[in-house]
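Peer 1: sequence first, then the predicted structure:
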Amino acid sequence: MARKSRKAEQQARARGIIPDSPSSPEPSLPVRYRTGLYARLSVYNMGRDDSDSIQNQTRLLEDYVSRHPDLVITDVYIDNGRTGTNFQRPEFDRMIEDVKNGRLQALVVKDLSRFGRNYLEAGFYLQKIFPFLGIRFISITDGYDSLTSDPDSLAVSMKNIINDYYSKDISRKVSSSFDLKRSTGPFIMGNVPYGYLRDPEDSGHYIIDEETAPYVHLIFQWAMAGIPAAQIAAALTDMGAPTQQRCVWIRSKRNTRRKGSDNWNDVSVRDILLNRTYTGDYLCEKKRNRMYDPSGNYKREEPEWKVYPNNHPSYISKEDFAWLKDRFQVRLEGRKSSLYSNLPKPPEPLHGLVYCGLCGRKMKLRRSVREGFLINSSYYCTGTANQNREGHERFLISVSETEMAVQWQIGLQIRLALDTEELLRRFSNGETTAKLKATRQAEIQMLKTKAAAARSGRAQAFEDLASALIDEDTYHLRMEKLAGEISSLEEQIRQTQQHRDEVDTHFSLNNKWLRTFADARYCADDGGELAHQLIQKIEIFPDKVIRVTFQYNDWMEPLLAQLQEAQADTMQAGNSA
């Protein structure tokens, strides 16, 4: 029989999930856990109906919860098409945030491998994080429940090790299989280039996609005629030509993770124009990628690629492709040299700091040149929609406007730091610090008294139920309310303790924000070094609103709050006198 884990039960009692045991016997009542269900599939579920599908996983989890009245489903988390060898998964991250915020008290998975295949990280969650947070963890097919099982047991550790070894062993076998298939001839895997389809009769061969082929022909014809890639992208968008990802999404009956965008961009067009596959050659082994040995992954140079010439129908001759590729290279180098060669490179003090406030992309710098002279520089965002962002109207703002606004805000921040430093020299003494800490400690003591009263209320609820003064429904409502009060008070105690401890850290002339900005008055503006030292991000909006996020805001706000409190105490003491 597995040893009962007392740590999880103690944590559950501390969080109010399980009431404290009073000295007198009390009736045994069902405990209700707010439960999250987690399902994961490594390969994206394309609507299949097998034993490992996402639908069957969630059905199994829901059926398990329905047979256990102490579990109440709060949310379902599904990572479809996410590997278990790491924990960088969007729904897993959302679940952990809900755990930290107290929204969940229990987690249920089909088996430990669905939770994760990385032995070290999975063990860390089971043995450290979940017991510390008081989370009940259940793995159905493994027969594991943290209330009755020991996460440090040999059986659990061995299962995690086996899951980790299994994923790496599968990776070695799959990689070896692919290497063997490539050695005997063309072996197509991954995405098929735009304008092609897999040949259903030959796995190493492409056939022409009749639906998108006209657009590919147009792309090469326009490029050979000298039309820029950006204009080609705009024309394709106006024509309603489906993009690569949109085609995949539609043909999979809308079962892919991304549905793609209806808008083309110059990068997509250029990728097609510079892809040697369209000459009829099949290219492979362009990079080494091994999941079991990520340290050895790298991209290979073009001479190292494996090439199968004339493997499938072509869209462009090899001679025309070579000419087009050279033309792109010459145009790129010529544009850089002819446009800016005779111009001194202007300083860019805000380089890398300017972002679009609407879509979050870094804004680009555009330089306007007339007759060999630089007449204007602007930051701009195209607002082009893609698979990850919605589009918006293109807008720009001059560099000079941006720099003036940023310098003004830096000046304000420096003056605030100097004024704060002067005030702090008046208050920065042992007596003021002690008063601030004493005030925080008094708040903590008051909150602890309230929490103790709420815990006593739970014991009183037991007595009232045992004496038949209240019924079970009233009891559960009262216990739930008290558990919420206790949880809220404990969070307030934690925050107040943090504020108390911050007094010595932040209420000081050595505060990071204060020293950085107060000392900045002695710094000359040397081409943007000061801006990069003081600023974290600059966000620009179409109406020319500029929002500057400064460094060390997390040090500034507690200091100003403590300084304001010290001033209020001083004024109150003066009024009392």
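Peer 2: Great, that's in hand.

Peer 1: center of the chain, which residue is that?
Peer 2: Centroid-nearest residue in the chain: Pro90, 6.9 Å away (criterion: CA atoms, centre = their mean).

Peer 1: was I right to think Lys100 contacts Leu133?
Peer 2: Yes: counting by CB atoms under 8 Å, Leu133 is a contact partner of Lys100 at 7.2 Å. Placement of C-beta: from N, CA and C, glycine included.

Peer 1: for the closest residue to the residue nearest to the centre of the chain other than its chain neighbours, give me the pLDDT.
Peer 2: Leaving aside its chain neighbours, Pro90 sits nearest to Asp79 (7.0 Å; criterion: CB to CB, 6 or more residues apart in numbering). Asp79 is assigned 87 on the pLDDT scale.

Peer 1: and Asp79, that's in a strand?
Peer 2: Yes: applying DSSP: H, G, I helix; E, B strand; the rest coil, one finds Asp79 inside a strand.

Peer 1: does the nearest residue to Gly391 once chain neighbours are set aside sit in a helix, a strand or a coil?
Peer 2: Counting by CB to CB, 6+ apart, Ala385 is the residue found nearest to Gly391 once chain neighbours are left out, at 3.1 Å. What three-state DSSP gives for Ala385 is coil.

Peer 1: go on, Asn86?
Peer 2: Of the three states, Asn86 takes coil under three-state DSSP.

Peer 1: name the element Leu447 belongs to?
Peer 2: Per DSSP states H and E, Leu447 falls inside helix 430-466.

Peer 1: and the next helix or strand past that helix?
Peer 2: Later in the chain than helix 430-466, the nearest helix or strand by DSSP H and E is helix 472-506.

Peer 1: mind listing what's buried along that following helix?
Peer 2: Across helix 472-506, burial judged by 16 or more other CB atoms under 10 Å covers 475-476, 478-479, 482-483, 485-487, 489-490, 492-493, 496, 499-500, 502-503, 506.

Peer 1: so where's the stretch 451-577 of the chain shaky on pLDDT?
Peer 2: The model of the stretch 451-577 of the chain has pLDDT under 70 over residues 504, 522-527, 567-577.

Peer 1: is Ile397 bridged to anything, and to what?
Peer 2: Following DSSP bridges, Ile397 is listed with bridge partners Tyr379.

Peer 1: correct me, but the residue nearest to Gly391 touches Arg394?
Peer 2: No: using CB under 8 Å, Ala385 makes no contact with Arg394, being 11.8 Å away.

Peer 1: give me the more crowded residue out of the two.
Peer 2: Applying other CB atoms under 10 Å to Ala385 and Arg394 shows that Ala385 carries more neighbours, namely 16 against 11.

Peer 1: what distance do you get for the more buried one to Trp264?
Peer 2: Separation of Ala385 from Trp264 (CB to CB, to the nearest Å): 10 Å.

Peer 1: which neighbours do the two share?
Peer 2: Common neighbours of Ala385 and Trp264, using CB atoms under 8 Å, 6 or more residues apart in numbering, do not exist here.

Peer 1: quick one: contacts of the helix or strand Ile96 falls within?
Peer 2: Per DSSP H and E: Ile96 is located in helix 90-100. For helix 90-100, the surrounding residues in contact (CB under 8 Å, 6+ apart) are 36, 38, 40, 74-75, 77-79, 82, 104, 107, 130, 133, 135.

Peer 1: identify the farthest-apart pair in those.
Peer 2: Spanning the widest gap among the contacts of helix 90-100 are Arg82 and Leu133, at 22.9 Å by CB to CB.

Peer 1: what about those two, which has more around it?
Peer 2: Arg82 (20 against 17).

Peer 1: just the pLDDT at that one, thanks.
Peer 2: Arg82 carries a pLDDT value of 79.

Peer 1: now Tyr215
Peer 2: pLDDT, read off for Tyr215, is 91.

Peer 1: confirm it sits in a helix?
Peer 2: Yes: if the criterion is three-state DSSP, then Tyr215 is within a helix.

Peer 1: correct me if wrong: it contacts Ala241.
Peer 2: Yes: between Tyr215 and Ala241 there is a contact at 4.5 Å, judged by CB under 8 Å.

Peer 1: coming back round to it: quick one: contacts for the residue nearest to Pro90?
Peer 2: Asp79 sits next to 38-41, 89-92 when contact means CB under 8 Å, 6+ apart.

Peer 1: just the buried residues out of those, in ChimeraX syntax.
Peer 2: Applying 16+ other CB under 10 Å to the contacts of Asp79, the buried members can be selected in ChimeraX as follows:
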select :38,39,40,41,89,91,92
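
Peer 1: hmm, back to that, among the contacts of helix 90-100, name the ones in strands.
Peer 2: Secondary structure defined by DSSP state E assigns 36, 38, 40, 74-75, 77-79, 107 of the contacts of helix 90-100 to strands.

Peer 1: out of those residues, who's nearest Gln221?
Peer 2: Closest to Gln221, out of all of these and judged by CB to CB, is Asp79, at 43.5 Å.

Peer 1: what's the neighbour count on the spatially closest residue to Ser317 that is not a sequence neighbour?
Peer 2: The shortest distance from Ser317 to any non-neighbouring residue, by CB to CB, 6+ apart, is to Thr279 (7.0 Å). As a burial measure, Thr279 scores 19 neighbours (other CB under 10 Å).

Peer 1: roughly how far does Pro228 sit from Gly116?
Peer 2: According to CB to CB, Pro228 and Gly116 sit 48 Å apart.

Peer 1: swap in Ala234?
Peer 2: According to CB to CB, Ala234 stands 45 Å off from Gly116.

Peer 1: those two: which has the busier surroundings?
Peer 2: Gly116 (27 against 16).

Peer 1: wait, the more buried one touches Arg89, no?
Peer 2: No: at 9.0 Å, Gly116 does not count as touching Arg89 under the criterion of CB under 8 Å.

Peer 1: the nearest residue to Tyr33 once chain neighbours are set aside bridge partners, please.
Peer 2: Nearest in space to Tyr33, with sequence neighbours left out and distances taken as CB to CB, 6+ apart, is Ala106 at 3.9 Å. On the basis of DSSP bridges, Ala106 is bridged to Thr35, Arg136.
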